[in-house]
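Enquirer: can't give you the sequence, but here's the structure:
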């Protein structure tokens, strides 16, 4: 689920996934992970917007205060749920049942 490389004999991944679960259970875990990542992304987008607005307002009032550390932290915090969403979508795509082409019987001539 997290695309980490692990020992072949590990029964449990550090992300909490237990190997050997049915595909349906894994898909449900991926859906939960996607919902959590979307919520986290929404929170960080709001925090990013508030930080940018605060910096803009401070500059309008003559304060040239800019916290690079806070902005870098917010940007990196925003990238994390985006990465989680990408991993969950890739894993979900790989686990979905594949549609096979329709079989045709061809008679030899």
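Expert: Received the coordinates, thanks. Note that the structure is a prediction, hence the values are computed from the model and not measured. Residues are numbered from 1 along each chain as shown.

Enquirer: what does stretch 76-92 contact?
Expert: 1-3, 26-27, 30-31, 33-34, 36-38, 40-41, 44-45, 47-48 (C-beta atoms under 8 Å, 6 or more residues apart in numbering). In short, each C-beta sits where N, CA and C put it, glycine included.

Enquirer: By neighbour count, sort out the buried ones in these.
Expert: By neighbour count, with 16 or more other C-beta atoms under 10 Å, the contacts of stretch 76-92 hold 1, 26, 30, 33, 34, 37, 40, 41, 44 as buried.

Enquirer: Tell me which of the residues you listed has the lowest pLDDT.
Expert: The lowest pLDDT within these belongs to residue 1, with 65.

Enquirer: Would you map the helices across the protein?
Expert: Ranges of helices within the chain are 23-60, 68-95, based on DSSP state H.

Enquirer: and these as TSV, adding distance to residue 106?
Expert: What follows is the helices of the chain, written out as TSV (distance: least, C-beta to C-beta, whole Å):
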stretch	distance to residue 106
helix 23-60	33
helix 68-95	32
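
Enquirer: And those: which comes nearest residue 101?
Expert: helix 68-95 (18.8 Å; C-beta to C-beta).

Enquirer: mean confidence for that closest one?
Expert: In this model, helix 68-95 has an average pLDDT of 87.

Enquirer: Many thanks, have a good one.
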